[in-house]
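[1] coords below, sequence missing:
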């Protein structure tokens with residue numbers, strides 16, 4: 001299993017490299033995109049070795065921005081940062097949790113029209129912050145994990161809409177002088193987003 005600090009450093013450096021490579025400042029087009037998303041009711045999974053428990057999560061909202069550079073006529077590469085507003089499981093009193101991921105973006109265009117475009121989107125990154133209120137985390141300490149996402153995006157001129165399936169990973173740890181227990185946590189959702197190319 002990878003050390004979480006190594007994963008965090010890797011994805012931060014990867015995204016930094018993508019955003020600030022020489023390609024960004026070349027003749028290729030660069031787009032900055034503020035984005036708003038509705039994260040539909042999802043699933044919160046906790047696992048410890050072979051034991052696993054799942055609970056439904058209420059619909060939540062996210063904001064963020066992306067920077068994408070045209071690499072060629074069909075492929076764009078970039079990076080992004082988003083903030084998931086705190087959300088809670090359907091069980092009353094379970095508390096609220098949220099993630100702040102940084103990620104790399106791959107955008108494969110399926111059409112060649114300059115004004116209208118359908119594309120496949122892939123996101124890979126790291127949740128640099130995984131946090132929860134007192135009811136959620138209790139006596140546990142939380143740390144981030146892998147972000148994976150994929151889906152489709154439809155663009156009409158400077159406005160786009162997208163539907164992405166996203167998986168946010170993290171871990172919760174309980175530790176005292178005699179015991180150390182670490183749980184893997186995974187939150188999945190179908191995210192419907194709208195954004196603007198600037």
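    Nice, thanks for sending it over. The structure displayed is predicted, hence computed values, not measured ones. Numbers count the residues shown, from 1 in each chain.
[2] could you check how far residue 154 is from residue 33?
    Counting by C-beta to C-beta, to the nearest Å, the separation of residue 154 from residue 33 is 14 Å. The C-beta positions use only the backbone N, C-alpha and C, and glycine is treated the same way.
[3] between the two, what contacts are shared?
    With contacts defined as C-beta atoms under 8 Å, 6 or more residues apart in numbering, the residues adjacent to both residue 154 and residue 33 are residue 160.
[4] who has more neighbours out of the two?
    Neighbour comparison, residue 154 and residue 33: the larger count goes to residue 33, with 19 against 14 (by other C-beta atoms under 10 Å).
[5] what about residue 94, how many residues nearby?
    For residue 94, the neighbour count with other C-beta under 10 Å is 16.
[6] name the nearest residue to it, ignoring sequence neighbours.
    Sequence neighbours aside, residue 88 is the residue nearest to residue 94 in space, at 5.9 Å (criterion: C-beta to C-beta, 6 or more residues apart in numbering).
[7] any idea which residue of this structure is furthest from its center?
    Residue distances from the centre of the chain (C-alpha atoms, centre = their mean) peak at residue 178, which lies 35.1 Å from the mean C-alpha position.
[8] which residues of this protein fall in strands?
    Along the chain, the segments classed as strands by DSSP state E run 30-39, 42-48, 51-57, 60-70, 75-84, 87-88, 96-109, 116-132, 141-156, 159-175, 180-196.
[9] please convert these to a markdown table, extending it with mean pLDDT.
    Rendered in a markdown table, the data for those read as follows (pLDDT from 0 to 100):
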| stretch | mean pLDDT |
| --- | --- |
| strand 30-39 | 94 |
| strand 42-48 | 95 |
| strand 51-57 | 94 |
| strand 60-70 | 92 |
| strand 75-84 | 93 |
| strand 87-88 | 96 |
| strand 96-109 | 95 |
| strand 116-132 | 95 |
| strand 141-156 | 96 |
| strand 159-175 | 96 |
| strand 180-196 | 96 |
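[10] if we can go back for a sec, residue 58 is in contact with the residue nearest to residue 94, correct?
    Yes - applying C-beta atoms under 8 Å, one finds residue 88 in contact with residue 58, separated by 5.9 Å.
[11] which one's more surrounded, the two?
    Neighbour comparison, residue 88 and residue 58: the larger count goes to residue 88, with 21 against 13 (by other C-beta under 10 Å).
[12] the more buried one: what's it in contact with?
    57-58, 94-97, 136.
[13] relative to residue 38, which of the residues you listed is nearest.
    Distance ranking of these against residue 38, using C-beta to C-beta, places residue 58 first at 11.6 Å.
[14] does the closest one really touch residue 85, like I thought?
    No - between residue 58 and residue 85 there is no contact under C-beta under 8 Å: 11.2 Å.
[15] surely residue 65 meets residue 36?
    No - contact between residue 65 and residue 36 fails when scored by C-beta under 8 Å: they sit 10.4 Å apart.
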